[in-house]
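*Asks:* sharing a sequence plus its predicted fold:
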Amino acid sequence: MSASSMPFSEALRSALDNLGSHKLRSALTMLGMMFGVGAVIAMLSIGAGAERQALAIIDRMGLRNVVVRAKELKSVDVEEVRKKSIGVSLRDVEAIREAVTGATRVLPRVQIRPFAVRSAWGKAEATVYGVSTEQREVVPVVLDEGRFFLASEERTHAQVCVLGAAARRELFGVNRALGQVAKVNDVWCEVIGVLAPESMGSASVQGVAVSSTAREIQLPLTTALRKFEHDPKAAPLYEILVQLEPGIDSSVTAVAIDGLLRRLHGGQSDYEIIVPEALLEQNQKTQALFNLVMGCIASISLLVGGIGIMNIMLASVLELTREIGIRRAVGARRRDIRFQFLVTSFTISVIGGAAGVVVGVIIAQIVAAYAGWPTVVTVSSVLLSTGVSVLVGLLSGLFPAIRAASLNPIEALRYE
């Protein structure tokens, strides 16, 4: 051993030789780091996937919107409620337009529950909505084929429709849909557009359900109102979308809308008000708590892995006591001994961490495939987990390294 510092390559080679001579013990020690890192990546990927799904759901409703939706009433309550309120209706739309400041668009949406949806090639299970031409300016509407309704078609109650991806597939299969006709109940509608497929189906965020557009059929609002029968006990409208000007507080606006509708509905709670922006904030708080709890659980795994590294390093100090004495006798300095042991603990943590990355990705994929929970493995989660594992490995190897360096060379040479 020369008086100069030990090169990293030499220390790494020595560490690998030492680990290779005790393969089983080294592998068991690395398991702690492997499962710790795997747990961190899996938990963070599940959290990131859930957050991305929540953002996509809220985006469907429009972040700057307030949604007034008719409640599903129990059959025993309908008669009593309808004595005082007809439900969410066009009267509410006009009242919101006139009384609520900051509302740029107030768009009604009507739902039709069809008893039959068919074409010359097949039939489909679908939900039919009547929407305004301005709908696509309030919430995202992505078309895969064709176009959306024109204002002139809404004015003339045109019998045209836009199909969801699944409805289009069931009605027309591999045949061309645009220009063909589909029969909704007793009304024939020309297909003028097809919505783009969505990456996820119906879902909910903070208890608020948002349906998928895959099985939707969208008609002009006036067509849905005038050419289809409606249940007299149901609310005339399914929901009202209220788009707000930039800078308007959606929560304050929601309170104002609630006060207005409560008077119009005779105090009946036959509607609910959804504020997507508030849902996003609540979801972020819930997600932060989830990440904290899962991070603590994963950190325990890393701590256990660190204890395992410290244990094997202390055992190595005893096994290599005589070798340490020889190295000190031929010129190795204390810092060379410390460096060698730190490189060994670093090697264990790096190999265990790398294996943990693979385990974490596999766990995330299994959860996504079999549990139906969305997962997203991010670069930041990989870097964070491996960085923490390396740090834990170095800290765990620090005490054994200091202990090895502090051995008396004469006594170490006598050690048996």
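*Replies:* Ah, there it is.

*Asks:* ok, which stretches of this structure are helices?
*Replies:* Here the chain has its helices, by DSSP state H, at 8-20, 23-61, 75-82, 90-99, 135-138, 151-155, 165-172, 221-226, 250-264, 276-319, 321-329, 334-366, 379-405, 409-414.

*Asks:* in the stretch 301-416 of the chain, where is pLDDT below threshold?
*Replies:* Counting by pLDDT under 70, the ranges of the stretch 301-416 of the chain that qualify are 320, 324, 328, 330-332, 371-372, 408-416.

*Asks:* neighbours of the residue nearest to residue 354 when sequence neighbours are not counted, how many?
*Replies:* Counting by C-beta to C-beta, 6 or more residues apart in numbering, residue 386 is the residue found nearest to residue 354 once chain neighbours are left out, at 7.4 Å. From N, CA and C alone the C-beta is placed, and that goes for glycine too. Using other C-beta atoms under 10 Å, residue 386 has 22 other residues around it.

*Asks:* quickly note the distance from residue 386 to residue 366.
*Replies:* 21 Å (C-beta to C-beta, to the nearest Å).

*Asks:* thinking again about what came up before, in TSV, list the helices of the chain along with distance to residue 109.
*Replies:* Putting those into TSV (distance: least, C-beta to C-beta, whole Å) gives the following:
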stretch	distance to residue 109
helix 8-20	65
helix 23-61	12
helix 75-82	21
helix 90-99	10
helix 135-138	8
helix 151-155	13
helix 165-172	17
helix 221-226	8
helix 250-264	16
helix 276-319	15
helix 321-329	78
helix 334-366	37
helix 379-405	39
helix 409-414	82
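
*Asks:* how about those helices, which one is nearest residue 196?
*Replies:* Nearest to residue 196, of all the helices of the chain, is helix 165-172, at 6.9 Å by C-beta to C-beta.

*Asks:* which helices and strands does the closest one pack with?
*Replies:* strand 117-118, strand 187-195 (3 or more C-beta pairs under 8 Å, 6 or more residues apart in numbering; DSSP states H and E).

*Asks:* would you reformat the ones you listed as TSV and include mean pLDDT?
*Replies:* Converted to TSV, those look like this (pLDDT from 0 to 100):
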stretch	mean pLDDT
strand 117-118	92
strand 187-195	93
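
*Asks:* any chance of the ones you listed in CSV, plus mean neighbour count and distance to residue 214?
*Replies:* Below are the helices and strands packed on helix 165-172 laid out as CSV (neighbours: other C-beta atoms under 10 Å; distance: least, C-beta to C-beta, whole Å):
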stretch, mean neighbour count, distance to residue 214
strand 117-118, 20, 14
strand 187-195, 19, 8
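
*Asks:* same list (these) but as TSV, adding distance to residue 42.
*Replies:* Formatted as TSV, those follow (distance: least, C-beta to C-beta, whole Å):
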stretch	distance to residue 42
strand 117-118	42
strand 187-195	34
